[in-house]
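J.: coords please:
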Amino acid sequence: MKFLTEVFVLGAGALLIGAAWAPAASAPRSLTPEALHGRIVGPVPALAPIEIHVLLPGRNEDELDRLIALQSTAGSPAYGHYLTPEEFGRYFGADPTDYANAIATLRANGFTIADLANNRRDIVAAAPAAAVAAFFHTPLDRHVEGGRSFYAARYAPLIPAGLHADVVTGLDDYHLLYSHMRVRPRFVSGGYFSWSPADIAVGYDLGPLYAVGLNGAGITIANATAGAASASDLAHFESDFKLPKAKLVSTGIDGPLSTGCGSGCDNGESTLDVDWATATARGATFHQVVAHTTANNDFDDVYKYIVDKLGATTHVVTTSWGGCEQDTSHAELVLDNGYFKQAVAEGQWWFSAAGDNGTDDCEDGSTTANSVDFPGSSPYVISVGGTNVHATISASGNVTKYGSETAWEYGNCSENDGLSSNGAGGGGKSIVYAKPSYQKALTPKDGRRDVPDVSLLADDVNDGLFIYQGGLEGGNGGTSEAAPQWAGLLAIIEQYYGSYTGVVDPHVRLYALAASAERASYFHDVSGGNNGVPACAGDIAVFPGYTAAHGYDLATGLGSYIANPLVGAY
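T.: Numbers count the residues shown, from 1 in each chain. Now for the predicted structure:
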């Protein structure tokens, strides 16, 4: 195919812009949405370093959509033929002359080039705040709001023609990502039931896979996270539950590796992720790629690293951090969705927690429309919702048989019984993305990207999981526990088929299996419960939510997996 033979040449003989620029004419300018928050306490110090991402439009975008479809079409020359990041850049990167001009324009205006992505669309550059403000013709202000400080561009940037940019990010650090982990209120270890790895293996039919050596051996699962998990905590978890020792690889982005991630943020999320991805895929390597803070622009760097640096070697990714679409800037949505689309073309598949506040992902108490969580709402990411599993439990506290599942939903909202669920599985309709082709047959005829795609155990109260974070803790839940387990299953699938080149895009394959006559052999069809937000949940806004029903629904998606037959049929 053409994309394999075309060679990328960086703008030889290109006209480079070597001088500072000025806008053609002044015009009334509106404040950015970020500038409307909090109060200004002064300018960003002139010498403070600011890092930006400049995203240029790619070539052959229509062919990229077609290629992704053909990669999952049996009989196509592109079937199972996934690109390396370098191959992606050669054919789908920006126009070489435009890319070279953008680099020269940035350098001429005081920027240092921090990274040139293999995708040849993204440029990471840094400059002192004064130079950034002058280049984009907008003051950069420091704000405070609710005890938190952040910076933001006062006006939308004026982007020079020489930059050729679709979007620019990094001009604020207002937008944060949030962990989708919940912990049972007033939990005392041993006081209530929590699931162990052996219990999950029984409930979701993983045991037969382990019996024949299918455990994700040779496969790496990457995790986009903040607050690094501890290798010693993982070793304790493995020892307590008699699990094989997993290999943990850690990469810190934009700063030294740390178990912290800002005020009130620790490594509990990452601990849950590594414990349960490797409790599912017990022979896999786990590579945590750790953001410096929970700011969206720090996660941009994590996403870029995983997709653009690890895309040729790592093909399963989980993340349990996200934010509602309404609270994610347009520029961030464009940049990050581009990474996830590139990932699919590379045969790298992302699982993302769908959120823990039902149909009110924004949790702002005033949103007038249901809200869903990004990055799970991206059509190039598998969104994972939450359930409550009703199983047979022996007198000794072990799961002996799967019974049924219902949508994870808020409990009776009593603050005194210690048993009320403090969350609900995320789900609903995207306000950003249209319905992708793989969803058209089974999901509502609403024209929108619907989430979640699939679900798994998430209830922290009735079904919490054990983790080891400085000690053994039970009662951990949220869709954060569901996403890494689905990622673990895909690692087992990749091992089973010998290579990621033998694995079809999970979006396509899971919906195809769900549409088959054997659907009930592969998925637990969740047909009870509701993911709405009741008045007693503490929100001003009350959302009725969606009721789980037979087939696909906006509370639990296609349902949860029955691991052994699903792997064999994949």
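J.: Now Ile40: which helix or strand?
T.: Ile40 is part of strand 39-43, with elements assigned from DSSP states H and E.
J.: and that strand, which strands flank it?
T.: When pairs are called by DSSP bridges, strand 39-43 turns out to pair with strand 140-145 (antiparallel).
J.: Give the buried residues for whichever helix or strand comes after the partner strand.
T.: Remark: after strand 140-145, the chain's next helix or strand is strand 148-153, criterion DSSP H and E. Across strand 148-153, burial judged by 16 or more other Cβ atoms under 10 Å covers 150-153. Using the backbone N, CA and C atoms, a C-beta is placed for each residue, glycine as well.
J.: Stretch 251-258 too?
T.: Per 16+ other Cβ under 10 Å, stretch 251-258 contains these buried residues: 251, 253-254, 258.
J.: picking up where we left off before, report the mean confidence score over the strand holding Ile40.
T.: On average, the pLDDT along strand 39-43 is 96.
J.: what domains does the record give for this protein?
T.: 16-21+30-58+93-169, 178-569 (automatic domain parsing).
J.: Name the stretch among those domains that sits most buried.
T.: domain 178-569 (a mean of 22; mean count of other Cβ atoms under 10 Å).
J.: got the end-to-end distance for that one?
T.: Counting by Cα to Cα, to the nearest Å, you get 35 Å between the two ends of domain 178-569.
J.: Distance from it to the middle of the chain?
T.: Relative to its chain's centre, domain 178-569 lies at 9 Å (Cα atoms, centre = their mean, to the nearest Å).
J.: hmm, back to that, Serialize the domains of the chain to TSV and add fields for distance to Tyr82.
T.: Listed next are these as TSV, based on distance: least, Cβ to Cβ, whole Å:
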stretch	distance to Tyr82
domain 16-21+30-58+93-169	14
domain 178-569	3
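J.: Could you say which one of those domains comes nearest to Arg66?
T.: Closest of these to Arg66 is domain 178-569, at 10.9 Å (criterion: Cβ to Cβ).
J.: top helix in this structure by residue count?
T.: In the chain, taking DSSP state H as the definition, the longest helix is helix 479-496.
J.: With Gly75 as the reference, name the closest of the domains of the chain.
T.: With Cβ to Cβ as the yardstick, what comes closest out of those is domain 178-569 (12.6 Å).
J.: From the buried residues of stretch 251-258, which land in strands?
T.: Among these, the members falling in strands (DSSP state E) are Thr251.
J.: re earlier: outside of the strand holding Ile40, which residues touch it?
T.: 129, 139-145, 149 (Cβ atoms under 8 Å, 6 or more residues apart in numbering).
J.: Tell me which stretches of the stretch 251-400 of the chain form helices.
T.: 268-280, 296-304, 330-345 (DSSP state H, counting those that start in this stretch).
J.: by contact count, what packs against the longest one?
T.: Translated: helix 330-345. strand 49-55, helix 61-71, helix 85-92, strand 167-169, helix 296-304, strand 349-353 (3 or more Cβ pairs under 8 Å, 6 or more residues apart in numbering; DSSP states H and E).
J.: want to throw these into CSV with mean pLDDT?
T.: As requested, those are exported to CSV (pLDDT from 0 to 100):
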stretch, mean pLDDT
strand 49-55, 97
helix 61-71, 95
helix 85-92, 98
strand 167-169, 97
helix 296-304, 96
strand 349-353, 98
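J.: so which of these comes closest to Asp364?
T.: That would be helix 296-304 among these, by Cβ to Cβ, at 16.4 Å.
J.: who's in contact with the closest one?
T.: 51, 53, 115, 117, 122, 124, 169-170, 172-173, 175-177, 224-226, 253-254, 289-292, 321, 323, 328-329, 332, 335-336, 339-340.
J.: about what we covered before: now pLDDT and distance to Leu47 too, for the buried residues of strand 148-153, in JSON lines please.
T.: Below are the buried residues of strand 148-153 laid out as JSON lines (pLDDT from 0 to 100; distance: Cβ to Cβ, whole Å):
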{"residue": "Phe150", "pLDDT": "96", "distance to Leu47": "19"}
{"residue": "Tyr151", "pLDDT": "97", "distance to Leu47": "14"}
{"residue": "Ala152", "pLDDT": "97", "distance to Leu47": "18"}
{"residue": "Ala153", "pLDDT": "97", "distance to Leu47": "18"}
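J.: Closest to Ala246 out of these?
T.: Nearest to Ala246 among the buried residues of strand 148-153: Phe150, at 36.7 Å, using Cβ to Cβ.
J.: Over to the residue lying closest to that closest one once chain neighbours are set aside. Which of the three states is it?
T.: Leaving out its chain neighbours, the residue that sits closest to Phe150 by Cβ to Cβ, 6 or more residues apart in numbering is Tyr174, at 4.7 Å. What DSSP: H, G, I helix; E, B strand; the rest coil gives for Tyr174 is coil.
J.: where does Tyr174 land on pLDDT?
T.: At Tyr174, the pLDDT value in this model is 93.
J.: hey, where'd the helices end up in the stretch 451-570 of the chain?
T.: In the stretch 451-570 of the chain, the helices defined using DSSP H, counting those that start in this stretch lie at 479-496, 506-514, 519-522, 563-569.
J.: now these in JSON lines, with distance to Phe543 and mean pLDDT?
T.: Output for the helices of the stretch 451-570 of the chain, formatted as JSON lines (distance: least, Cβ to Cβ, whole Å; pLDDT from 0 to 100):
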{"stretch": "helix 479-496", "distance to Phe543": "17", "mean pLDDT": "98"}
{"stretch": "helix 506-514", "distance to Phe543": "26", "mean pLDDT": "98"}
{"stretch": "helix 519-522", "distance to Phe543": "29", "mean pLDDT": "97"}
{"stretch": "helix 563-569", "distance to Phe543": "32", "mean pLDDT": "98"}
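J.: that older thread, dump the helices of the stretch 251-400 of the chain to TSV, plus distance to Gly478.
T.: Shown next, in TSV, are the helices of the stretch 251-400 of the chain (distance: least, Cβ to Cβ, whole Å):
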stretch	distance to Gly478
helix 268-280	8
helix 296-304	18
helix 330-345	21
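J.: Val508: which of those is closest?
T.: Of all those, helix 330-345 comes closest under Cβ to Cβ, at 9.8 Å.
J.: what is the orientation angle of the lengthiest strand in the chain with helix 479-496?
T.: Assignment by DSSP E gives strand 382-393 as the longest strand of the chain. Taking axes from the mean of the first three to the mean of the last three Cα atoms, to 10 degrees, strand 382-393 and helix 479-496 form an angle of 100 degrees between their directions.
J.: who does strand 382-393 pair up with?
T.: Strands that pair with strand 382-393, judged by DSSP bridges, come out as strand 349-353 (parallel), strand 399-407 (antiparallel), strand 454-457 (parallel).
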